[in-house]
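K.L.:
with the input below, show me the fold.
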Amino acid sequence: MSDREHAAIARGWQAVVATARRTAAEGLVVGTSGNVSLRVGDTVLVTPSGVPYERLRPEDLTGVDPEGRQILGKLAPTSELPLHLAIYRNTGAAAVVHTHAVHATAVSTLVTEVPPVHYAAAMLGGTVRVAPYAGYGTPELAGNVLAALRDRTGCLLANHGTVTYGTTLDEAYDRTAQLEWLCRVWLTASSVPGRSPALLTADQLGEAREALKGYGQR
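P.N.:
Predicted coordinates for the structure are as follows:
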C-alpha cells in the first residue's frame, strides 16, 4: 500500500469514528448499537463489534475487502457487515450509516412505508419503505434491505432501526437525520386525537424531488 493510500485510509478511519460518535451524541444509537462504514478504494472501513465509540483509537482501524475478508486491524467487524457489503455491491454507495433512532424505530413497528407527511421524503428518493424484520447480521436482513432501498437512499428496518447511504459520510448521516426527523413529524401529527395528518401525493413528492436536484450551492 502506497503512502497516499495509507493516508487516505487514516483519514477515512477518522471520519468513520467521528460519524459513529456523532450518532451516539445526537441520540441515534445507545451503547454500541448501530454501525458506520466507508469505502476507500477496495477497502471497506467499518466500526468494530461491541466497542464503545468513545474508546476507538487510530490503532483500532478495522477494514475488510469487498468480499468481507478482514485485511486491516484485529478487532472483529460489526455483526451487520453483510448488510453494509450488500449495499456497496448493489448501489453507488461510498458510505453507510445504520442507527437505532427512536422515532424511526417506533414508526417501523406501525407501517410498511413512512407516510409522506413532508417533502423531506424526496431527499431519500420518495416514500420510505420498511424492510420486513429479519435477524440482525443475517443474509435475509441484507436481502430485505436491498429490496426496500430500490430507487431509494434510505429505509427503515422493521422493529430495528434505519439504514441510509451516500457518496460521503456526511451525506449518509444527513439522510439518517432527515429520516428520523420525518418519522418524528409523522408520529407527532398522528398523535392528535381525532385527526389524521394530510399526506403528500406521489406527484407532489416527484415535484419536490426534481426541485431538490438544483438545491444548494453549485
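K.L.:
quick check: the closest residue to E80 other than its chain neighbours vs L45, distance?
P.N.:
Distances taken as CB to CB, 6 or more residues apart in numbering put N35 closest to E80, at 5.1 Å, once the chain neighbours are dropped. The C-beta positions use only the backbone N, C-alpha and C, and glycine is treated the same way. The spacing between N35 and L45, counted by CB to CB, to the nearest Å, is 11 Å.
K.L.:
next one: P193
P.N.:
Going from P193 to L45 by CB to CB gives 48 Å.
K.L.:
of the two, which one has the most company?
P.N.:
Per other CB atoms under 10 Å, whichever of P193 and L45 has more neighbours is L45, with 25 against 4.
K.L.:
pretty sure the more buried one sits against R11.
P.N.:
No. Assessed by CB atoms under 8 Å, L45 is found out of contact with R11, at 10.0 Å.
K.L.:
in stretch 105-114, what's buried?
P.N.:
Going by neighbour count (16 or more other CB atoms under 10 Å), the buried part of stretch 105-114 is 105, 107-108, 111, 114.
K.L.:
phi, psi of the residue lying farthest from the centre of the chain?
P.N.:
In the chain, G194 marks the outermost C-alpha relative to the chain mean, sitting 33.8 Å out by CA atoms, centre = their mean. Backbone torsions of G194, given as degrees, to the nearest 10, read phi 80, psi 0.
K.L.:
strands of the chain, start to end?
P.N.:
Secondary structure of the chain by DSSP state E: the strands cover 35-40, 43-46, 63-64, 70-72, 95-99, 130-131, 154-157, 161-166.
K.L.:
can you put those strands in a markdown table and add distance to L187 and mean pLDDT?
P.N.:
Shown next, in a markdown table, are the strands of the chain (distance: least, CB to CB, whole Å; pLDDT from 0 to 100):
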| stretch | distance to L187 | mean pLDDT |
| --- | --- | --- |
| strand 35-40 | 25 | 97 |
| strand 43-46 | 31 | 97 |
| strand 63-64 | 36 | 97 |
| strand 70-72 | 39 | 96 |
| strand 95-99 | 16 | 98 |
| strand 130-131 | 14 | 98 |
| strand 154-157 | 13 | 98 |
| strand 161-166 | 14 | 98 |
